[in-house]
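Asker: quick one: sequence plus predicted model below, questions after.
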There are 2 protein chains.
Amino acid sequence: MKASSFQYKTLKEAPKDAELISHKLMVRANMIKQLASGIYSWLPLGLKVIKKIENIIRNNLDQNGCLEVLMPMVQPKSLWDETDRSKQMGPELLGFKDRNDRDFYLGPTHEEVITDLCRQEIKSHKDLPKIFYQIQTKFRDEIRPRFGVMRAREFLMKDAYSFDTDEKGLNERYMSMRKCYEDIFNEIGLKYKIVNADSGAIGGNKSEEFHVLADSGEDTLVFNNEGFSSNIELLENDLKKEIHNKIDKNDLSDIDSSYGMLSIKKGIEVGHIFELGNKYSEAMNLSVQVNNKQKFLEMGCYGIGVSRIVAASIEQNFDSEGIIFPKSIAPFDCTIISINEKKSVAVREKSIQIYSLLKNRNLDIFYDDRDVSPGIKFSDANLMGNPLQIIISEKNIENGSYEVIHRENQSKDMVSEKDLFSLFD
Amino acid sequence: MKASSFQYKTLKEAPKDAELISHKLMVRANMIKQLASGIYSWLPLGLKVIKKIENIIRNNLDQNGCLEVLMPMVQPKSLWDETDRSKQMGPELLGFKDRNDRDFYLGPTHEEVITDLCRQEIKSHKDLPKIFYQIQTKFRDEIRPRFGVMRAREFLMKDAYSFDTDEKGLNERYMSMRKCYEDIFNEIGLKYKIVNADSGAIGGNKSEEFHVLADSGEDTLVFNNEGFSSNIELLENDLKKEIHNKIDKNDLSDIDSSYGMLSIKKGIEVGHIFELGNKYSEAMNLSVQVNNKQKFLEMGCYGIGVSRIVAASIEQNFDSEGIIFPKSIAPFDCTIISINEKKSVAVREKSIQIYSLLKNRNLDIFYDDRDVSPGIKFSDANLMGNPLQIIISEKNIENGSYEVIHRENQSKDMVSEKDLFSLFD
């Protein structure tokens, strides 16, 4: 992609209300634009990152035998009455009437809809096990939307739902999805932790959260060295209070407890997996016959905050210059920076040539062909955060060797033209 | 994909309220499931077709230099007040209040949002021309939703918006998108016509519709042999009435008119392109400086009904047995039908072997490994509508040659194992 053909209007200043670095950098890099409180448009640069995350998620889920569906965003209130969640969810559940005075909600999650679907679709234990998933826009009317897309009202989510005849099957499905989530976050390339979690309004017997580790994380996580890990919201009140007090003093040193010495980390929740059991299947009568007895299905549910991952990955990977995207989800594999190409035919021609060569190898290249100073190109490339920058200048062309900057640590190499390809192996 | 791992519950009977053949077949083939009036879930089989259509659209638009974005489904009413469309659109525009008593609409289209976005993003004529697009879920509160996904309330749409400084530029953009649409519908493989159209609530100077030709089409189109083509809604009242009268009598023979002899066809609108001019840019003050004068931008808008294309392609391509999908959007390239594989190790092993071989060539294969009669497998394969069926039976294995059925005309070939690949060239 050439900068001149792209939508690429970087900003020097972040919006005044932006508190988090990811919010500031995403706005400055021209990834998102606010439409209303907690409601954002994804601009071309931001959407490219979303698509790369979606692809990683989709490939891993498909490999795990999950089946993709697409459920409606507009859901009848009657379904939520069956599970009584129309009362439990509170004002985050945004309701309205259609022109025929029927009550609907904007879907914040899809347990009711998938359970309704499956009570029509699943008629026998032979149809099981099954895992359905979708990547879809949700709406939660947060009382205080903030932090950009980190806590937005409208957001993109991957939600999956598993169905089994018994708890053993549910546990197998749960463990396969847990493994699948590990594969997903490893492939994205983020440092993350899995912790025991509170199941909240979703409910069920057991749940675990996946947290991207970042100092700015809203959640506090504790770990001992024997495999215990937990969101502190799950701890006894006294211990929780003690940890909160430490954190208020910016003290994240280890703390002694009945669980042994606990290390403390801050995290951003990007995934949450639940063993729901038969909470929804019983309320909505989703059952099959097993050994001549009608049995409510054992369900699991598995969420990933797709749009939130973009922000979380930035909270974990940035420096004073801008974003440092992990390779797998960077908007482009590389930025080509041409130095004064409007004044130099040689630079322009060489830039176009290298851009075409790399593109033909199926690499996703951002070629900054704008008529702006080298300084602006360098700082914008650092802001955007692609893993590599290749500098095309008259001097480099003369030497037959190009400056390559690794965004991660700003280290520089000189690379000959024929070796440029090997940068991407 | 193996049938045993898929969600694949075909139905003998269509829902009673289904009038259109596409609605009947999509429900029977397990592609969609109704959640509420005009609101459908896409099951795995249906979503596969959607994804193939999306890919064709996306590739063609990207090649045409369009930039993909993702705008919110929830839109502030204040934007619609700026263009006065909050009044004009009527009750199809579904409105609600959020928890802070602010007014929003569920987006039925995005002219206001994109114009608001661009008045922040486009600051100079150097930023132009630009075409933005998205593939996104829309909601229109139709008074009488029916015909399955053909006239649903919640539906998937590709909407694009172009921005130029002058009418000449707008016309260039319009013609490039018109050409791009022709490429898209040609690649999908549908018989279609382009006709002059009424611009309705979207507005603007000029618009054309893309219609998939089908006897069940709700629209009536006329053509003379000198290139004139029009939706009859655009004709003088007398002529329109005359044509309506003919159609009521099921008479689609040519009709004489002031435009010469007109042939009459029925069509399903799947695309609509508009030269909007400055209707939205003026109402919302989207302008740039040209020759020292502030100039409102010339906009175009370009829609494709993604989910409707699935239904329209079936209305055009079916027989008494079921769906006949065009190759490019069929859920799978081929169905493998194993005959009595539960009783024959040879059939089972050969089926798995051929399935794996074809899959390894990146072909998308549906392998019907269910323990059901050959008759059910044949009729379900015809219902699903993949272009080819390969029959694996003991007799075929002995002969080293497999029966291949071409779904389009039900013609049969005997093909040796090594020649199976060439079926897909």
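Answerer: Done, it's in.

Asker: from now on I want contacts and neighbour counts done on CA atoms only, so please keep to that.
Answerer: Fine.

Asker: close to chain B: what parts of chain A are there?
Answerer: Contact residues, chain A versus chain B (CA under 8 Å from any CA of the partner chain): A:5-7, A:9, A:33, A:35-36, A:39-44, A:47, A:65, A:67-72, A:74-76, A:91-92, A:94-99, A:113, A:117, A:121, A:141, A:143, A:154.

Asker: sort out for me which of these are in strands.
Answerer: Mapping the residues of chain A next to chain B onto strands (DSSP state E) picks out A:33, A:35-36, A:39-42, A:67-68, A:74-76, A:95-97, A:154.

Asker: and the residues you listed, which of them are buried?
Answerer: Neighbour counting by 16 or more other CA atoms under 10 Å in any protein chain shown classes A:33, A:35, A:39-42, A:67-68, A:74-76, A:95-96, A:154 among those as buried.

Asker: put together TSV for those residues, with pLDDT on each row.
Answerer: Converted to TSV, those look like this (pLDDT from 0 to 100):
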residue	pLDDT
A:33	97
A:35	97
A:39	98
A:40	98
A:41	98
A:42	98
A:67	98
A:68	98
A:74	98
A:75	98
A:76	98
A:95	96
A:96	97
A:154	98
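
Asker: switch the residues you listed over to a markdown table; also include distance to residue B:28.
Answerer: Shown next, in a markdown table, are those (distance: CA to CA, whole Å):
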| residue | distance to residue B:28 |
| --- | --- |
| A:33 | 43 |
| A:35 | 41 |
| A:39 | 38 |
| A:40 | 39 |
| A:41 | 38 |
| A:42 | 37 |
| A:67 | 19 |
| A:68 | 19 |
| A:74 | 24 |
| A:75 | 23 |
| A:76 | 24 |
| A:95 | 32 |
| A:96 | 32 |
| A:154 | 34 |
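
Asker: tell me the one among the residues you listed nearest to residue A:346.
Answerer: Proximity of these to residue A:346 was ranked by CA to CA; the top entry is residue A:42 with 36.3 Å.

Asker: quick one: residue A:215 is in a strand?
Answerer: No - Residue A:215 is assigned coil when assessed by DSSP: H, G, I helix; E, B strand; the rest coil, not a strand.

Asker: can you report how many residues lie near it?
Answerer: 14 (other CA atoms under 10 Å in any protein chain shown).

Asker: helix or strand for the residue in the stretch 201-350 of chain A positioned nearest to chain B, which one?
Answerer: Nearest to chain B, among the residues of the stretch 201-350 of chain A, is residue A:307, at 11.5 Å (CA to the nearest CA). For residue A:307, the host element (DSSP states H and E) is helix A:306-316.

Asker: downstream neighbour of that helix in the secondary structure list?
Answerer: That would be, after helix A:306-316 and using DSSP H and E, strand A:318-319.

Asker: list the strands paired with that next one, with their directions.
Answerer: Here strand A:318-319 is paired, per DSSP bridges, with strand A:322-323 (antiparallel).

Asker: list the strands paired with the helix or strand just after the strand it pairs with, with their directions.
Answerer: Toward the C-terminus, strand A:322-323 is succeeded by strand A:334-338 as the next helix or strand (DSSP H and E). With DSSP bridges as the test, strand A:334-338 is paired with strand A:365-368 (parallel), strand A:388-392 (parallel).

Asker: what sits up against the helix or strand just after the first one?
Answerer: Spelled out, it's strand A:365-368. Sequence order places helix A:374-384 as the next helix or strand after strand A:365-368, per DSSP H and E. By CA atoms under 8 Å, 6 or more residues apart in numbering or on different chains, the surrounding residues in contact with helix A:374-384 are A:10, A:25, A:28-29, A:321-324, A:335, A:337-340, A:368, A:389, A:407.

Asker: among those residues, who's most crowded?
Answerer: residue A:335 (30 neighbours).

Asker: list the buried residues in the helix or strand encompassing residue A:241.
Answerer: Assigned by DSSP H and E, residue A:241 falls within helix A:237-248. Within helix A:237-248, the residues that count as buried by 16+ other CA under 10 Å are A:240, A:243-244, A:246-247.

Asker: could you do stretch A:89-105 as well?
Answerer: Applying 16+ other CA under 10 Å to stretch A:89-105 flags A:92-96, A:98, A:104-105 as buried.

Asker: thinking again about what came up before, mind putting the strands paired with strand A:334-338 in JSON lines, mean pLDDT and distance to residue B:289 included?
Answerer: Formatted as JSON lines, these follow (pLDDT from 0 to 100; distance: least, CA to CA, whole Å):
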{"stretch": "strand A:365-368", "mean pLDDT": "98", "distance to residue B:289": "25"}
{"stretch": "strand A:388-392", "mean pLDDT": "98", "distance to residue B:289": "33"}
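
Asker: quick one: those strands as a markdown table, columns for distance to residue A:289 too.
Answerer: Output for the strands paired with strand A:334-338, formatted as a markdown table (distance: least, CA to CA, whole Å):
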| stretch | distance to residue A:289 |
| --- | --- |
| strand A:365-368 | 55 |
| strand A:388-392 | 58 |
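
Asker: which residues in chain A form helices?
Answerer: A:21-28, A:44-63, A:77-82, A:85-88, A:111-121, A:167-188, A:237-248, A:279-283, A:306-316, A:345-360, A:374-384, A:394-399 (DSSP state H).

Asker: tell me which of those sits nearest to residue B:253.
Answerer: Taking those one by one with CA to CA, helix A:111-121 is closest: 45.5 Å.
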